[in-house]
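>>> could you work out the structure for the sequence below:
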Amino acid sequence: AVTQRLSGLTRSRPGNVLVEGETGVGKELVARAAAAVLGREKPFAAVNVAGLARGVFESQLFGHVAGAFSDARSAAPGIVVAHDGGTLFLDEIGELDIELQAKLLRLLENREVLPVGAQKPIRVDVLVVAATNRDLEEMVERGAFRRDLFARLAMARIHVPALRERREDVFHVACELARRAGA
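This next block holds a predicted model:
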């Protein structure tokens, strides 16, 4: 099912993928599968955007130059540049503040980032896979999520049904979670 939904995207023509489904259905596993299908399994960065503090969002994602702010003693590339050529998995995208959505849009539209304090943008080649358990279309209608960002994220959409609807996958998801936990 993942392969069919990604039919228009390729490594040379990176798109964006939106993975939708309830909490706990394995959206990150689907994101990793999408990265593998598109030849982008490494490097893979999973970022919980709801967990990024508003004040450090740009610096964490896009990097910064030395002296850009009081604690910036040295330059840092940011998550996006550090994972150039790979996949950026943005979990909980529906929780992203509306003001920060505009900053993410530049990456999706131009495939470039502007580190905090920099004068020139940096070109990047990343597959962006975003995941949410929220109804982004409804959020767009009430003005809580940018329509242009939604359109950019949903170049390919994958809905992951709840595990109760796909019992055959429970064992595989449990094994993967156990593997990650080191069991």
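
>>> only C-alpha atoms for contact and neighbour calcs from this point on.
Noted.

>>> in the protein, where's the longest helix?
For the chain, the helix with the greatest residue count under DSSP state H is helix 98-110.

>>> buried residues, it. List them.
Burial within helix 98-110, assessed by neighbour count using 16 or more other CA atoms under 10 Å, is assigned to Gln101, Lys103, Leu104, Leu105, Leu107, Leu108.

>>> now for the residue most central in space within the chain: which residues touch it?
Nearest to the geometric centre of the chain sits Leu90, at 2.5 Å (CA atoms, centre = their mean). By CA atoms under 8 Å, 6 or more residues apart in numbering, Leu90 lies in contact with Ala46, Val47, Asn48, Val49, Val128, Val129, Ala130, Ala131.

>>> and if you look at Gly86?
Ala35, Arg40, Glu41, Lys42, Pro43, Phe44, Asp125, Val126, Leu127.

>>> the fourth one: neighbour count?
To tie it back to what came earlier, the one meant is Lys42. Per other CA atoms under 10 Å, the neighbour tally for Lys42 reads 15.

>>> the last one now?
Neighbourhood size, Leu127 [other CA under 10 Å]: 30.

>>> how much space between the spatially closest residue to it that is not a sequence neighbour and Ile79?
Leaving aside its sequence neighbours, Leu127 sits nearest to Thr87 (CA to CA, 6 or more residues apart in numbering; 4.6 Å). Remark: distance between Thr87 and Ile79 (CA to CA, to the nearest Å) = 10 Å.

>>> what is in contact with these two at once?
Common neighbours of Thr87 and Ile79 (CA under 8 Å, 6+ apart) are Ala45.

>>> out of the two, which sits in the busier spot?
Taking neighbours as other CA under 10 Å, Thr87 and Ile79 compare with Thr87 leading, 28 against 19.
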